[in-house]
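[1] I would like the atomic coordinates for the input below:
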Amino acid sequence: MGEEPRRDTSRRLSVGEAADELGVSVDALRSRVKRGTIPYTKHGGRVWILLGEGQANRPVDDQSETNTLISEMRARIEFLEEEHKRKDAILLNMTEAMKALSPPPEENPPAHEQETSTAAERRKALTAALQAPCPNCLVRQAQPQ
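    Next comes the predicted model:
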């Protein structure tokens, strides 16, 4: 897999021809050349793919490997979907349990709301007291100086 042609191949095809022959895209074939996973040679600035006798229309081993990988991926997807459903059920059960544990809403206002109204009454009384004239001041004004 380098610059020198191999003697064990019978056909030398351009990248486009080899892609058609193998049933893959030109980009996929160029990637194989870059990775060094397909025999090739360079001649006159062009890349030539070297194919043996049994390499047309994708080898049977590639198809069975692809089918195996697809089956494995389908099994993983099915497992992950089931796991997702299981976790959703757990979350639903936990949410229902949390609702059952929380106390029912009270009909009387909470204590902090009662304190707030008492504080408002105190503030109103203090404001009124501050706005009223000071009794000492009235006494002083009444006394002759």
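
[2] what about residue 18, neighbour count?
    Residue 18 has 25 neighbouring residues, counting by other CB atoms under 10 Å. (Glycine included, C-beta is placed from N, CA and C.)

[3] before we move on, what about residue 93?
    The burial count for residue 93: 10, using other CB under 10 Å.

[4] which stretches of the protein form strands?
    For the chain, the strands defined by DSSP state E occupy 11-14, 40-43, 46-51.

[5] Out of those, which is the most enclosed?
    strand 46-51 (a mean of 18; mean count of other CB atoms under 10 Å).

[6] and that strand, which strands flank it?
    strand 11-14 (antiparallel), strand 40-43 (antiparallel) (DSSP bridges).

[7] would you list the ones you listed in TSV and tack on mean pLDDT and distance to residue 130?
    Output for those, formatted as TSV (pLDDT from 0 to 100; distance: least, CB to CB, whole Å):
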stretch	mean pLDDT	distance to residue 130
strand 11-14	88	99
strand 40-43	88	97
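
[8] Kindly state which of those strands is positioned closest to residue 101.
    strand 40-43 (68.8 Å; CB to CB).

[9] just to revisit the earlier point, quick one: which of the strands paired with strand 46-51 is nearest residue 81?
    Taking the strands paired with strand 46-51 one by one with CB to CB, strand 40-43 is closest: 41.9 Å.

[10] For the closest one, list the C-alpha coordinates in CSV.
    The C-alpha coordinates for strand 40-43 follow below in CSV (Å, rounded to 0.1, in the frame of the first residue of the first chain):
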residue,chain,number,x,y,z
TYR,A,40,-3.1,1.8,-4.6
THR,A,41,-0.3,3.3,-6.6
LYS,A,42,0.5,6.8,-7.8
HIS,A,43,1.5,7.3,-11.4
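
[11] the helices in this protein, which residues?
    15-22, 26-35, 60-101, 111-131, 135-142 (DSSP state H).

[12] so what does the second one touch, helix or strand wise?
    Identification of packing neighbours for helix 26-35 by 3 or more CB pairs under 8 Å, 6 or more residues apart in numbering; DSSP states H and E yields helix 15-22, strand 46-51.

[13] So which bits of it are buried?
    Judged by neighbour count using 16 or more other CB atoms under 10 Å, the buried positions of helix 26-35 are 29-30, 32-33.

[14] same thing with the first one?
    Of all the residues in helix 15-22, those buried under the rule 16+ other CB under 10 Å are 15, 17-22.
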